[in-house]
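>>> test case, fold it:
(one chain, ligands or ions: 2)
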Amino acid sequence: MLVYPIIYILPAYVANGAPVIFGGGTPIDLNRKFKGRPILGKHKTIRGLIAGLLSGFLIAGVESIFLHYMLVIGILLSIGAMFGDIVGSFIKRRFEVREGNSVPLMDQYMFFVFALLFAFPLGNMPNLFGLVFIVLLTGLLHKTTNMIANRIHVKEVPW
Ligand code: CTP
Ligand code: MG
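Numbers count the residues shown, from 1 in each chain. Ligands and ions are numbered 1, 2, ... in the order given. Predicted coordinates for the structure are as follows:
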């Protein structure tokens with residue numbers, strides 16, 4: 001069944017996507033620097049972080065109506081997704097990659113890997129086949145949603 005892996009990962013997807021729509025304003029790092037480079041950069045905003053967490057929690061809440069364990073798993077997936085996204089930006093800034101410039105694989109999968117790591121202890125993960133499926137789906141969705149977001153002017157760059 002390909003539906004279960006999608007239901008499982010959905011809170012992470014929504015948490016990761018929401019900041020693109022609702023983000024902006026004050027950066028999480030408050031424009032502070034570390035060794036002359038921004039800690040996270042201007043694209044990681046407090047509003048985006050909160051929007052990501054709350055939207056992910058909302059999906060977790062809805063899913064938990066029919067799958068009880070998805071409440072806690074969904075919350076962990078959301079926190080993991082936002083954490084991974086922040087770790088990704090932190091690493092990009094250390095290598096002097098400017099905000100929004102692309103680093104293949106890391107841009108697509110940092111949130112995903114951390115979401116799965118955070119939720120892993122609670123079990124109920126998709127099987128290997130399901131995991132491979134959502135790995136491929138994540139890459140595909142990242143490409144298409146970012147292109148659409150750019151086309152409708154909610155994102156500066158098409159990646
Ligand atoms: N965003 C936000 N707050 C966050 C995460 C994301 O406001 N905590 C918004 C920003 O407008 C950002 C957009 O979502 O430009 C896309 O996020 P992402 O692709 O993760 O960031 P990048 O613009 O690529 O920046 P970075 O180089 O730091 O990854
Ligand atoms: Mg990006």
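
>>> which residues are in contact with the spatially most central residue of the chain?
The residue lying closest to the centre of the chain (CA atoms, centre = their mean) is Asn16, at 2.9 Å. The neighbourhood of Asn16, defined by CB atoms under 8 Å, 6 or more residues apart in numbering, consists of 52, 81-82, 85, 111. Bear in mind the C-beta positions are built from the backbone N, C-alpha and C, glycine included.

>>> tell me how many other residues crowd Leu40.
Neighbours of Leu40 under the rule other CB atoms under 10 Å: 23.

>>> cool, Val97 as well?
Neighbours of Val97 under the rule other CB under 10 Å: 17.

>>> can you check Leu58 too?
Counted with other CB under 10 Å, the neighbours of Leu58 add up to 16.

>>> could you give the average pLDDT over the strand or helix carrying it?
Assigned by DSSP states H and E, Leu58 belongs to helix 46-63. Averaging pLDDT along helix 46-63 yields 98.

>>> if we look at the host helix or strand of Leu137, which residues are touching it?
Counting by DSSP H and E, the element that carries Leu137 is helix 128-151. Contacts to helix 128-151, defined as CB under 8 Å, 6+ apart, come from residues 1-2, 4-6, 8-9, 13, 17, 20, 107-109, 112, 116, 125-126, 155-159.

>>> tell me which of those fall in helices.
In helices, defined here by DSSP state H, the members of the contacts of helix 128-151 are 4-6, 8-9, 13, 17, 20, 107-109, 112, 116.

>>> from Arg47, how far out is the closest residue to Ile91 other than its chain neighbours?
Among residues not flanking Ile91 along the chain, Met106 sits closest, at 7.0 Å (CB to CB, 6 or more residues apart in numbering). For Met106, the distance to Arg47 (CB to CB, to the nearest Å) stands at 23 Å.

>>> when those two are compared, which one has more neighbours?
Counting neighbours by other CB under 10 Å for Met106 and for Arg47 shows that Met106 has the greater number, 18 against 15.

>>> ok, that one to ligand 1 distance?
Applying CB to the nearest ligand atom, to the nearest Å, the value for Met106 to ligand 1 is 8 Å.
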